[in-house]
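*Asks:* sequence below, structure please.
(chains A and B)
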Amino acid sequence: MIGRIIPVAIFLALGVLLAVGLKIADRKTEIPSPLIGKPLPEFSLPVLGEPDRIVTNEDLLGTPFLLNVWASWCPTCRVEHPYIEELAESGAIRVVGFNYRDETADAKAWLARFGNPYELSIQDYDGRYAIDLGVYAAPESFLVDADGTIIFKQIGAVTPEVIENEILPRIGR
Amino acid sequence: MQRLFLILFLVLMSPAALAVVEGDKEPLVFESAEQEERYNDLTLELRCLVCQNQNLADSDAPLAQDLRKEIFDMMQAGRSDDEIKTFMVERYGDFVLYRPPMQGNTLALWVLPLVILLVGAIGVFFTVRNRNRKLAALQQEGSN
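*Replies:* Numbers count the residues shown, from 1 in each chain, chains lettered A, B, ... in the order given. Sure thing, here's the model as predicted:
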């Protein structure tokens, strides 16, 4: 009798594992960031469109902001862009752009075409600072609080759900 | 006839020899053979986070190119293998290492396959032994 039950039990257990695995499959490619809770890494980069103006991480501190990694070659960035614009327009939080590995002309054309909700966009032309942020795909967004601590990272597009459930609660709205 | 097909096939395939993968623009110059070996070992052990089942050595993704360059620069600056790996893990997490570290949360990952193998082996052992015993018992009855 026991000999009959064991294979069935194992089968059921595997079935449960499969069900769980299928449920979390979509998120398997997301890599949690080890930077949550750590300060925003130092940087000193030019501003997109104002190459003589250099901005550092210190300059951005003071109030919480969303650092949105975008690029003209990134199709998903176009999908999330309206929501980023809405967020910026609502005044709930400052939005700072991070132009990742992009040609200046292409980036500026993209903003002209789709709208520029950013306070400014820092330009990481060779992607060197993106490595310090652990960026591996665009779009990604970092929620940074007033003293420069990264409190949340969104991998993939920012959607209304993300804004509602992850961003606004964390800044107390 | 077969010869003809073979020759035709080879001629049609020959343009493939010109296919060049767009990758690093210039070949890297290493200070020593030992350095080159270190570089190769490191890029084979670190994961490309874009195509997540490839290592940095194999991947052509722009991020992989950037990270290879970073590894090369860090080596030139005199950093050790451990420092370079720590650098990567600090930014991308443990997942960037193809060989997961031996620590609390990865203990199950390392040990579980061995445990399951052991359990399976024990299971097989008992099943075979029981079967042999039953077989021996039947043979005994048969010869009685």
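
*Asks:* who in chain B is up against chain A?
*Replies:* B:49-50, B:52, B:62-63, B:66-67, B:70, B:89-93, B:95 (Cβ under 8 Å from any Cβ of the partner chain). (Glycine included, C-beta is placed from N, CA and C.)

*Asks:* inside strands: which ones of those residues?
*Replies:* Residues of the residues of chain B next to chain A located in strands (DSSP state E): none.

*Asks:* residues contacting the closest residue to residue A:38 other than its chain neighbours?
*Replies:* Once flanking residues are discounted, residue A:38 sits nearest to residue A:150: 6.0 Å by Cβ to Cβ, 6 or more residues apart in numbering or on different chains. Residue A:150 makes contacts with A:33, A:35, A:36, A:37, A:38, A:39, A:40, A:142, A:143, A:144, as judged by Cβ atoms under 8 Å, 6 or more residues apart in numbering or on different chains.

*Asks:* now with 10 Å?
*Replies:* Contacts for residue A:150 (Cβ atoms under 10 Å, 6 or more residues apart in numbering or on different chains) come out as A:33, A:35-41, A:67, A:133-134, A:142-144.

*Asks:* before we move on, back to that, closest to residue A:18 out of the residues of chain B next to chain A?
*Replies:* residue B:52 (21.0 Å; Cβ to Cβ).

*Asks:* okay, now the closest one: neighbour count?
*Replies:* 14 (other Cβ atoms under 10 Å in any protein chain shown).

*Asks:* where does the residue nearest to it when sequence neighbours are not counted sit: helix, strand or coil?
*Replies:* Distance criterion Cβ to Cβ, 6+ apart; nearest residue to residue B:52, sequence neighbours excluded, is residue A:29 at 6.2 Å. Classification of residue A:29 by DSSP: H, G, I helix; E, B strand; the rest coil places it in coil.

*Asks:* and the contacts of residue A:150, which are buried?
*Replies:* Among the contacts of residue A:150, the ones that count as buried by 16 or more other Cβ atoms under 10 Å in any protein chain shown are A:33, A:35, A:40, A:41, A:67, A:133, A:134, A:142, A:143, A:144.

*Asks:* just put the residues you listed in TSV and tack on distance to chain B and pLDDT.
*Replies:* Formatted as TSV, the buried ones among the contacts of residue A:150 follow (distance: Cβ to the nearest Cβ, whole Å; pLDDT from 0 to 100):
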residue	distance to chain B	pLDDT
A:33	7	88
A:35	7	93
A:40	13	94
A:41	9	94
A:67	15	96
A:133	7	94
A:134	4	93
A:142	13	95
A:143	18	95
A:144	16	95
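
*Asks:* so which of those residues belong to helices?
*Replies:* Counting by DSSP state H, the part of those found in helices is residue A:133.

*Asks:* out of the buried ones among the contacts of residue A:150, who's nearest residue B:1?
*Replies:* Using Cβ to Cβ, the buried ones among the contacts of residue A:150 come closest to residue B:1 at residue A:134, 59.7 Å.

*Asks:* which parts of chain A sit against chain B?
*Replies:* A:3, A:6, A:28-29, A:31-35, A:38, A:41, A:73, A:100-101, A:126-128, A:130-137 (Cβ under 10 Å from any Cβ of the partner chain).

*Asks:* one more time with 7 Å
*Replies:* Within chain A, the residues that sit near chain B (Cβ under 7 Å from any Cβ of the partner chain) are A:29, A:31, A:32, A:34, A:101, A:127, A:131, A:132, A:134, A:136, A:137.

*Asks:* can you tell me the closest non-neighbouring residue to the third one?
*Replies:* If you skip the residues right next to it in sequence, residue A:32 has residue B:93 as its closest partner in space, 6.2 Å away by Cβ to Cβ, 6+ apart.

*Asks:* what does residue B:62 give?
*Replies:* residue A:101 (6.6 Å).

*Asks:* how about residue A:138?
*Replies:* residue A:74 (4.1 Å).

*Asks:* if I pick the residue nearest to the spatial centre of chain B, what's in contact with it?
*Replies:* Geometric centre of chain B, nearest residue: residue B:98, 6.9 Å, by Cα atoms, centre = their mean. Contact analysis of residue B:98 by Cβ atoms under 7 Å, 6 or more residues apart in numbering or on different chains lists B:45, B:46, B:47, B:55.

*Asks:* ok, now how distant is it from residue B:68?
*Replies:* Note on residue B:98: its distance to residue B:68, by Cβ to Cβ, to the nearest Å, is 15 Å.

*Asks:* what of residue B:93?
*Replies:* 19 Å.

*Asks:* for the two, indicate the residue with more neighbours.
*Replies:* Neighbours were counted for residue B:93 and for residue B:68 using other Cβ under 10 Å; residue B:68 has more, 21 against 16.
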